[in-house]
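Trainee: just the structure for this:
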Amino acid sequence: MTTQAIFVGILEANAVIIALWAFYAVVLRTGTHYHYSRIFLLSIALVGVGIAAINIEVERAEVVASTPTFLSLSDAFPAAYVGEDLSLGREEGMSSFVGGGSAFQWITWILLIGAFLSLLFAIFRWVAFYSLLRKQRTWNEDHQVYLIQTFDVAFAFLGTIYLPRHYMAFPADDLNRILAHERGHAALRHHWDRITLSFFKAMFWYNPAFILIDRSLTAVHEFQVDRLVVTPEEDPFAYSNLLLRLQSGVHPPTMAALFSKQLIKSRVNRLHQPNSTIMKKVTFMLALPLVATLFYAFSIQTVAVPLALPTGQIEPMRPDPHQLPIAASTVTGFSAFGARIDPFSSETTKHRGIDLVAPSGTPILASMAGTVLSVQYLENGYGNLVEILHANGSLSRYAHLLESLVVSGQAVNQGEVIGSCGSTGKSTGPHLHFELLHGDSLLDPEEFIDLGNISFAKEEVLPPMKKDLKVIIDAGHGGKDPGNQAENATEKDITMAISKVLALLLRSQGYEVVETRNGDDFVPLTDRVGMSHSNSDELLISLHLNASENDNARGVEMFIPTEAHPYHDLSKHFGNEVGRVLNEEAVLNRGMKTAEFYVLKQSTCPSILVELGFMSSPLELKRLTSEAYQLALAEYLSQGISYYAR
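Mentor: Numbering: from 1, shown residues only. As a prediction, the model looks like this:
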């Protein structure tokens, strides 16, 4: 769980607690059904924590034409191509506590540390209080109570009654009333309420609502026992007179059920107040819709579930061409239809369409003439969405729009502006997510749209590949040197896995491949660089994984030798080609830097060191340990080497 999630959970728990306390203060406090009041007050903190801890996704049907979706550009961009780079939201705004972090992370750590210290202090107080009682108490056989000298009021604690020694001089009737009162506290186990609430007060030490809850619970305890002791045969005036005479102005122990002088007036008034009617008891049931509302607000996440079009509305599919739904000159990034690593879940998911990255506000065009089927907003999915039904039986979908400029039922021509590019819904940055469907079947838009006008989508006419290029793959660390470690994963194992796949891909393309290690072996740095032989037809690529105190840091980072190195320029060209592939594949590229790492400084051929991701990021670690993402990284590196070799 991230610091941000903890911070949001704390806010939600406190919001629920304050709302429930306000409901009690306004609606329930004046009633005499003290048993229900006691349960309600004790439940406030539990309900608040429970609602904050629960997160349920609920599907909501929408009039669209396919199966459930949670997609956005995230399906296409494994490392949030437009997330960190364009919005600067996570890496800049969510730096860690150690690294100087943002305000909410500082506050989260302060709240958590404060809660821990408050819990320790609460435990210490209870232990010290009980130790003091054990040292000072003496047993009184006649009244079956302990007599104490330190405290000036009677109280019950852990089922035992404690009386100040001077109470033994009270008249017998008064003493019996006091003993009956304290035995009522013991019988109702009010001490456990006090202990439980003290721990919640420690956890939420900054929330003033718990001061009010504490006072209310203390009052309810006293009211509850007063009603129990003062039977119809008992004179309430005599009991009230005793309460007033006991008001001596001496502060009682803070952690016991007792006659609190602040409550005397309220207790006397309650003794003479008639019992609440059965309808007042029913008001407790009003808390249920309030809790349900809070639960829905904080625990339920609504996710769009598109409904299939009725099959009767669909004609046989005809191969009529669709046009590109956005001007090719504005497109700065592209992601294809098919399997991708979702950066939100780190799972391999099917990308249901294509993503066309463009500046916010770029006009979006109808890919083909048709009728607008729906215009809607899906908060946790497509955002602003337009769907157009075409005469050939296909349906086109335009998602994450900044705004839509058409209405449901409107006829549109091919190329007509229907909205503008945006980042609404579950999205990591401005782009158009475009889908084509026929009935319930998703289609690959590239089969129906000519992408040739997009510069990076063109097939390049490349010179012949260097057949004699030798690639040295250096899987970082190994043997006694595990490298970075996180959870049950080690850097040496992940780099070895990617190295094996990369070697296999390169050999299949005709390259000569040398691996600095073939297993979990410790290979000295001198031996690693010693495998190159001062040859520009060799390449050395050293694979590593990054780590940071900022657990939100992500992306691929490359290093090349300094300008003093004889192969600096070729190394830079090599790094540029790898970076080009990363950009094409929408992988977060943190850029290329010079460094004097031993394998770079001492290499005798063009070389780069690639930090393939951050093991310190829980999100990226999950990807890096996935075979699918390891294969993807190996393919990206292989493509970069092929670009360099031409």
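
Trainee: could you use CA atoms for every contact and neighbour count after this?
Mentor: Fine.

Trainee: roughly how far apart are the nearest residue to residue 533 once chain neighbours are set aside and residue 365?
Mentor: Distance criterion CA to CA, 6 or more residues apart in numbering; nearest residue to residue 533, sequence neighbours excluded, is residue 604 at 6.0 Å. Per CA to CA, to the nearest Å, residue 604 is found 53 Å from residue 365.

Trainee: same question, residue 578
Mentor: For residue 578, the distance to residue 365 - CA to CA - is 33 Å.

Trainee: the two: which is more packed in?
Mentor: residue 578 (25 against 21; other CA atoms under 10 Å).

Trainee: wait, the more buried one touches residue 642, no?
Mentor: No - using CA atoms under 8 Å, residue 578 makes no contact with residue 642, being 9.3 Å away.

Trainee: now do the shared contacts for those two.
Mentor: Residues touching both residue 578 and residue 642 by CA atoms under 8 Å, 6 or more residues apart in numbering: none at all.

Trainee: residues touching residue 267, list them.
Mentor: Residue 267 neighbours (CA under 8 Å, 6+ apart): 222, 223, 226.

Trainee: was I right about residue 603 contacting residue 527?
Mentor: No - Residue 603 lies out of contact with residue 527 (CA under 8 Å); the separation is 10.8 Å.

Trainee: what about these two, which has more around it?
Mentor: Neighbours were counted for residue 603 and for residue 527 using other CA under 10 Å; residue 603 has more, 25 against 11.

Trainee: just to revisit the earlier point, neighbour-wise, which of the contacts of residue 267 leads?
Mentor: Among the contacts of residue 267, the one with the most neighbours (other CA under 10 Å) is residue 222, at 26 neighbours.

Trainee: before we move on, what SS does it have?
Mentor: Assigned by DSSP: H, G, I helix; E, B strand; the rest coil, the conformation of residue 222 is helix.

Trainee: okay, it: pLDDT?
Mentor: For residue 222, the pLDDT comes out at 82.

Trainee: now swap in residue 605 and tell me
Mentor: 92.

Trainee: give me the secondary structure label for it.
Mentor: Residue 605 ends up coil, using three-state DSSP.

Trainee: phi, psi of it?
Mentor: phi -160, psi 170 (degrees, to the nearest 10).

Trainee: list the residues that contact it.
Mentor: Counted by CA under 8 Å, 6+ apart, residue 605 has contacts 532, 533, 534, 535, 536, 537, 538, 539, 540, 567.

Trainee: ok, those vs residue 276, which is closest?
Mentor: residue 540 (84.4 Å; CA to CA).

Trainee: CA atoms only for the host helix or strand of that closest one - export them in PDB, please.
Mentor: Using DSSP states H and E, residue 540 falls within strand 538-546. The C-alpha atoms that make up strand 538-546 are tabulated as PDB, following Å, rounded to 0.1, in the frame of the first residue of the first chain:
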ATOM      1  CA  GLU A 538      31.200  -4.900 -31.200                       C
ATOM      2  CA  LEU A 539      28.500  -3.600 -28.800                       C
ATOM      3  CA  LEU A 540      28.400  -4.000 -25.000                       C
ATOM      4  CA  ILE A 541      25.100  -3.700 -23.300                       C
ATOM      5  CA  SER A 542      25.100  -4.000 -19.500                       C
ATOM      6  CA  LEU A 543      21.700  -4.700 -17.900                       C
ATOM      7  CA  HIS A 544      20.900  -3.400 -14.400                       C
ATOM      8  CA  LEU A 545      17.900  -2.400 -12.200                       C
ATOM      9  CA  ASN A 546      17.600   0.900 -10.400                       C
END
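
Trainee: listing partners with orientation, what would you give for that strand?
Mentor: Applying DSSP bridges, strand 538-546 is found paired with strand 470-475 (parallel), strand 607-614 (parallel).

Trainee: please state the offset of the longest one from the chain centre?
Mentor: When distances are taken as CA atoms, centre = their mean, to the nearest Å, strand 607-614 is centred 28 Å away from the chain's centroid.

Trainee: list the contacts of that strand.
Mentor: In contact with strand 607-614 (CA under 8 Å, 6+ apart) are residues 539-548, 553-561, 567, 571, 574-575, 600, 620-621, 624, 633.

Trainee: what does stretch 35-49 give?
Mentor: With CA under 8 Å, 6+ apart as the criterion, stretch 35-49 contacts 12-17, 20-21, 28-29, 193, 197, 200, 213, 216-217, 220-221, 224, 284.

Trainee: next: stretch 540-551.
Mentor: Counting by CA under 8 Å, 6+ apart, 95-99, 471-476, 484, 491, 495, 499, 532, 599, 603, 605-618 sit against stretch 540-551.

Trainee: let's see 7 Å
Mentor: Outside stretch 540-551, the residues that touch it by CA atoms under 7 Å, 6 or more residues apart in numbering are 95-96, 98-99, 471-476, 491, 495, 605-617.

Trainee: now restrict these to buried residues only.
Mentor: Using 16 or more other CA atoms under 10 Å as the burial test, these include 95-96, 471-476, 491, 495, 605-617 as buried.

Trainee: quick one: residue 628 from residue 497, how far?
Mentor: On the measure of CA to CA, residue 628 and residue 497 end up 11 Å apart.

Trainee: scratch that, residue 328 is what I was asking about
Mentor: Counting by CA to CA, the gap from residue 328 to residue 497 is 38 Å.

Trainee: please apply the same query to residue 370.
Mentor: Per CA to CA, residue 370 is found 50 Å from residue 497.

Trainee: neighbour count for these two, which is higher?
Mentor: residue 370 (23 against 17).
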